[in-house]
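1. From the sequence below, what's the structure:
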Amino acid sequence: MKAQLIDISISGTKNIQIKKVDQFYLNTPFHFHKYCELVWIKESFGKRVVGDKVDNFEEGDLVLMGPDLPHIWLNDPIFHLKKKGLRAKAVVVYFPHDFILNLSDEPEVIQPTAGLLKKARRGLCFYGNTHKEVIRLLSKVEETDGFKKILTFLQVIEVLSRSKDYNYLSSISYENLNDQRDTTRINTVYQFLMQNFHRDIKLQELARLTNMTPNAFCRFFKSRTQKSFTRFLNELRIGHACKLLQDESYSVADVCYESGFNNPANFNKFFKSITKKTPSEYRRKSA
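-> Below you'll find the model as predicted:
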């Protein structure tokens, strides 16, 4: 998928930048940059795409992304309506790929760190004890600077490097083409789908957004995303359905219609195709 190249403006090759996000709504363009990025979502929920992975995110999520891996985090439309005064809060750490590798020549340092950075090129979502320990350390990084900030950040990298508590995000076959043409057009489509997936979306509607014929749009979308428009939309909808199924106040039929499907049979078919479980099986295993 084509995305916008963002300049993070880190001076030098041995610096890290820590950004505290506290804003009304997460709404950034689908983009990539030359730095590794560690994201801790303190307060927020919505949809994200990392590479070719369409997913939900929620409070507490901890994700590491390598250089040039396109991504977007976008709040669900109901985010700021769910609770008055709710804000999107996160801690984001940017650092050069070779930041740690340039600190030492010792194999005990280089090998696990290089392994972590290689895996991060697909995006990693951490959980379990790793998640707890890194969140504790990131809470300290927020309040420190100078030498203490560097030492605490190195502890974070050490914990992540030895961790087995992670899931890959993008697929092993995903490739970022790094092509800057049509960035505005793709981003417009992407944000439109993420905000409107719950209703019926006609192909002609998206074609008009991009000033293309329907056939040209389908070719354009698949060449950028490495999947069909229908597949992408169904992944977005099923991801939302998975989130709703964790709330027992929704029946399976409610989840079907709230996720943008108007036919329970199609909902069940696509749900099992994508998750390898039926909606009822998914609910039981998530309880």
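2. residue boundaries of the strands in the protein?
-> With DSSP state E as the criterion, the chain has strands at 4-5, 17-23, 31-32, 36-43, 46-50, 53-57, 62-65, 71-75, 88-95, 124-126, 166-168.
3. For Cys256, find the nearest of those strands.
-> strand 53-57 (17.2 Å; C-beta to C-beta). All C-beta spots, glycine's among them, are computed from the backbone N, C-alpha and C.
4. could I get the strands of the chain as a markdown table with mean pLDDT, mean neighbour count and distance to Glu133?
-> Formatted as a markdown table, the strands of the chain follow (pLDDT from 0 to 100; neighbours: other C-beta atoms under 10 Å; distance: least, C-beta to C-beta, whole Å):
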| stretch | mean pLDDT | mean neighbour count | distance to Glu133 |
| --- | --- | --- | --- |
| strand 4-5 | 45 | 15 | 33 |
| strand 17-23 | 90 | 14 | 18 |
| strand 31-32 | 84 | 18 | 28 |
| strand 36-43 | 95 | 21 | 12 |
| strand 46-50 | 92 | 24 | 22 |
| strand 53-57 | 92 | 20 | 20 |
| strand 62-65 | 98 | 24 | 10 |
| strand 71-75 | 89 | 22 | 23 |
| strand 88-95 | 93 | 20 | 15 |
| strand 124-126 | 98 | 22 | 10 |
| strand 166-168 | 97 | 16 | 13 |
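5. Contact partners for the closest residue to Val54 other than its chain neighbours?
-> With sequence-adjacent residues excluded and distances taken as C-beta to C-beta, 6 or more residues apart in numbering, Val54 is closest to Glu235, at 4.3 Å. Contacts for Glu235 (C-beta atoms under 8 Å, 6 or more residues apart in numbering) come out as Val54, Lys227, Ile274.
6. Okay, Glu235 and Asp52: tell me how far apart.
-> 9 Å (C-beta to C-beta, to the nearest Å).
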